[in-house]
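Participant: Pasting a predicted model and its sequence here:
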Amino acid sequence: MTLCLLVLIAAGSLIYWLYQINKTYYVLAFFCPRVKTKDGRPEYTIAPVAKGKTIFGNGFDLYGLTDHEVFQHSRIRAKTLKASYIEYGSGGALYNIIDAENAELILNDPNLMTKSVIYDFLHPALHTGLLTSTGKKWHTRRKLLTPTYHFNILGQFEEIFKAESLKFVEQFHQASDISISASELIPRFTLNSICETAMAVKLDDMAEKGDLYRQSFAMIEKAFIKRLSNPFYWNTKVYELFGGKEDAIALKVVHDFSNEIIAKRRILLEEELVRRKSSQDPDDDIYINKKQRFAMLDTLIFAEKDGLIDHQGICEEVDTLIFAGFDTTSTGLIFALMNMSLYADKQELCYQEINEYIDDDFSNLDVNQIGKLKYLDCFLKESLRMFPAVPLMGRQAVRETELANGLILPAGTQIILHIFDIHRNTKYWDSPDEFQPERFLPENSKDRHNYAYIPFSAGQRNCMGQKFAKLEMKTLLIVVLKKYKILPLVDPKDFVFNTGITLRTNNNIKVKLVKRQ
Ligand code: HEM
């Protein structure tokens with residue numbers, strides 16, 4: 001009897017205690033700290049809280065969903081909640097951003113520079129290179145690499161983009177019309193381009209290894225999604241034990257590929273330094289020519305000589321550069337070619353403009369001339385608005401962080417910026433599902449919020465390769481358009497989009513190329 005009474009009192013106290021701490025922690029969502037507000041109001045008066053599928057908050061909302069259902073989950077949330085929203089699950093709050101005002105707050109907050117924990121899922125592939133690192137390491141590396149994206153260096157890269165683009169169209173020169181799979185051909189073009197520009201290594205004799213590299217990276221991306229949608233796999237040890245056994249092969253291929261590139265470039269660079277030394281005045285410093293070098297990898301190798309980075313550091317930056325630089329631009333280009341094919345009138349406007357400024361033999365195709373193609377610029381912007389190559393990015397609050405909108409994010413809050421939803425938010429975009437490059441003409445965009453369009457992110461951790469990517473994509477579009485009319489073979493209404501690191505569809509995106517007379 002006494003025992004029963006004691007058990008009852010203990011159970012009652014426990015329930016009362018849980019009830020009390022439930023105000024600060026979402027107890028069933030594994031003691032997830034709740035988001036507070038500056039004036040003590042409930043957080044949902046500022047940002048709606050999404051209803052979870054189970055009693056464990058939102059912790060298991062993605063569990064068991066297909067890649068497509070994971071993608072749709074966020075789109076449905078954005079459409080139904082119509083504002084940036086909070087989710088609670090797996091021990092931490094998740095603040096989902098779908099509007100420009102909050103995107104600006106987050107991307108410019110010095111307390112929110114650290115990438116979200118989901119980037120840890122990329123550590124086996126990239127370790128902590130620029131994209132995934134934080135704090136002093138990120139700052140030092142960013143400072144080291146920034147000069148390599150200088151305008152003059154991009155000018156030298158343009159020659160390579162042009163040569164690679166001509167090589168791309170050369171594949172079809174015998175046919176008067178041909179159906180091509182952009183999804184299959186473009187990634188090879190962008191991988192070649194990044195290796196030849198940033199690494200100064202041609203892939204000609206490594207073509208098969210390049211193909212294997214791309215396949216392996218696709219497997220690494222699959223592993224990323226598997227971990228994202230299963231909270232049990234958020235713990236690296238648990239994932240390695242039960243879910244990630246096959247990843248080792250893909251990781252080896254990716255790392256072997258980047259190691260081979262680094263080894264090749266080390267030899268080529270040594271040869272070049274010897275050449276420079278022999279052609280220079282003996283009193284000159286051979287490194288004076290550092291300013292003229294054109295490969296980003298060379299900067300890293302020189303920095304190693306200066307003791308600023310070690311071999312492991314070079315590897316992680318090379319892995320990061322290849323990863324950040326090839327899949328993104330290929331996704332951007334695949335959708336741009338598809339949009340060219342779907343909107344014949346807009347394609348014609350691009351073609352007329354290109355004809356006006358670019359000679360038929362491409363001899364004047366350079367950074368300056370490309371800068372004059374204003375309509376092509378609007379076209380590419382619109383393509384990246386509707387189909388952002390990077391559909392989402394994440395940050396985390398490493399300490400309690402007060403936002404100007406009145407929310408106080410507890411330490412550990414994860415933040416996901418849904419670029420896809422910001423780009424289709426009706427607050428900034430009329431008929432967001434319509435393809436209208438004219439929205440980007442200066443007179444139509446002057447009153448738009450600056451953060452309503454962020455395909456390359458914004459703030460201190462914005463994309464380093466933005467200019468590089470635009471130049472590469474425009475060069476290929478110019479060369480293809482000059483030589484071919486692009487006709488449609490797919491209808492995006494049939495597309496099944498999947499969550500991925502870059503924007504993915506199940507569909508093979510094809511276009512028809514018809515030779516211009
Ligand atoms: C269409 C092409 C591209 C798009 C849409 C794109 C988009 C982005 C976005 C959204 C971010 C921010 C990611 C985040 O905060 O998690 C980013 C970061 C980055 N991008 Fe790009 N990118 C593109 C091409 C490139 C290229 C070609 C390069 C290199 C040559 C590159 C290098 C980087 C690097 C190094 C970062 C990390 C910057 C940092 O954290 O300091 N990107 N990119």
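Facilitator: Happy to help now that I have it.
Participant: For the ligand, see how far away residue 87 is.
Facilitator: Separation of residue 87 from the ligand (CB to the nearest ligand atom, to the nearest Å): 19 Å. Just so you know, the C-beta spots here come from the backbone N, C-alpha and C atoms, and that holds for glycine as well.
Participant: just residue 412 next, same as before
Facilitator: Distance from residue 412 to the ligand, by CB to the nearest ligand atom: 18 Å.
Participant: Contacts only, for that residue.
Facilitator: With contact taken as CB atoms under 8 Å, 6 or more residues apart in numbering, residue 412 is in contact with 33, 91, 92, 93, 396, 397, 398.
Participant: Quick one: these as TSV, columns for neighbour count too.
Facilitator: Output for the contacts of residue 412, formatted as TSV (neighbours: other CB atoms under 10 Å):
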residue	neighbour count
33	19
91	17
92	24
93	26
396	23
397	26
398	15
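Participant: which bits of this structure sit near the ligand?
Facilitator: 115, 130-131, 142, 198, 320-321, 324-325, 328-329, 332, 389-390, 393, 455-457, 461, 463-465, 468-469 (CB under 6 Å from any ligand atom).
Participant: what separates residue 472 from residue 342, distance-wise?
Facilitator: 22 Å (CB to CB, to the nearest Å).
Participant: Where does the prediction get shaky in the stretch 151-300 of the chain?
Facilitator: Along the stretch 151-300 of the chain, the model assigns pLDDT under 70 to residues 280-294.
Participant: Show me where it has its helices.
Facilitator: Remark: helices assigned in the stretch 151-300 of the chain by DSSP state H, counting those that start in this stretch are 151-170, 182-198, 207-228, 236-242, 247-279, 296-305.
Participant: Quick check: which of these is buried the most?
Facilitator: Sort these by mean neighbour count, taking mean count of other CB atoms under 10 Å, and helix 182-198 sits at the top with a mean of 23.
Participant: How far off centre is it?
Facilitator: Relative to the chain's own centre, helix 182-198 is displaced by 16 Å; criterion: CA atoms, centre = their mean, to the nearest Å.
Participant: for stretch 501-508, same thing?
Facilitator: 13 Å.
Participant: Over to stretch 165-176?
Facilitator: 29 Å.
Participant: go on, stretch 101-121?
Facilitator: Worked out by CA atoms, centre = their mean, stretch 101-121 lies 14 Å from the chain centre.
Participant: Can you point out the buried residues in that stretch?
Facilitator: The neighbour-count check on stretch 101-121 (16 or more other CB atoms under 10 Å) flags 102-107, 109, 112-116, 118-119, 121 as buried.
Participant: Alpha carbons of stretch 116-134, in CSV - could you do that?
Facilitator: What follows is stretch 116-134 as a C-alpha-only set of coordinates in CSV (Å, rounded to 0.1, in the frame of the first residue of the first chain):
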residue,chain,number,x,y,z
SER,A,116,24.1,23.4,-40.2
VAL,A,117,24.8,19.9,-38.9
ILE,A,118,23.6,18.4,-42.2
TYR,A,119,26.9,19.5,-43.7
ASP,A,120,28.6,17.1,-41.4
PHE,A,121,27.1,14.4,-43.6
LEU,A,122,29.5,15.7,-46.3
HIS,A,123,32.6,15.5,-44.1
PRO,A,124,33.6,12.0,-45.2
ALA,A,125,33.8,13.4,-48.8
LEU,A,126,35.0,17.0,-48.3
HIS,A,127,36.3,17.0,-44.8
THR,A,128,36.3,20.6,-43.7
GLY,A,129,37.1,22.6,-46.8
LEU,A,130,35.7,26.1,-47.5
LEU,A,131,32.1,25.0,-47.9
THR,A,132,31.9,23.0,-44.7
SER,A,133,34.5,24.6,-42.4
THR,A,134,33.9,27.4,-39.9
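Participant: Need the contact partners of it.
Facilitator: Contacts to stretch 116-134, defined as CB under 8 Å, 6+ apart, come from residues 113-115, 137-138, 141-142, 145, 217, 220, 223-224, 227-228, 234, 236, 244, 247, 251, 254, 312, 315-317, 319-321, 323-324, 394-396, 414-416, 464, 501.
Participant: Can you give me the end-to-end span of stretch 199-214?
Facilitator: Across stretch 199-214, the terminal residues are separated by 17 Å (CA to CA, to the nearest Å).
Participant: Check stretch 495-509 too.
Facilitator: Termini of stretch 495-509 sit 9 Å apart (CA to CA).
Participant: Repeat that for stretch 493-506.
Facilitator: End-to-end for stretch 493-506, by CA to CA: 13 Å.
Participant: And the average pLDDT for that stretch is what?
Facilitator: Averaging pLDDT along stretch 493-506 yields 92.
Participant: For the stretch 51-200 of the chain, just list every one of the strands.
Facilitator: 85-89, 92-97, 177-181 (DSSP state E, counting those that start in this stretch).
Participant: just those: most buried one?
Facilitator: Note that of the strands of the stretch 51-200 of the chain, strand 92-97 is the most buried (mean count of other CB under 10 Å), with a mean of 25.
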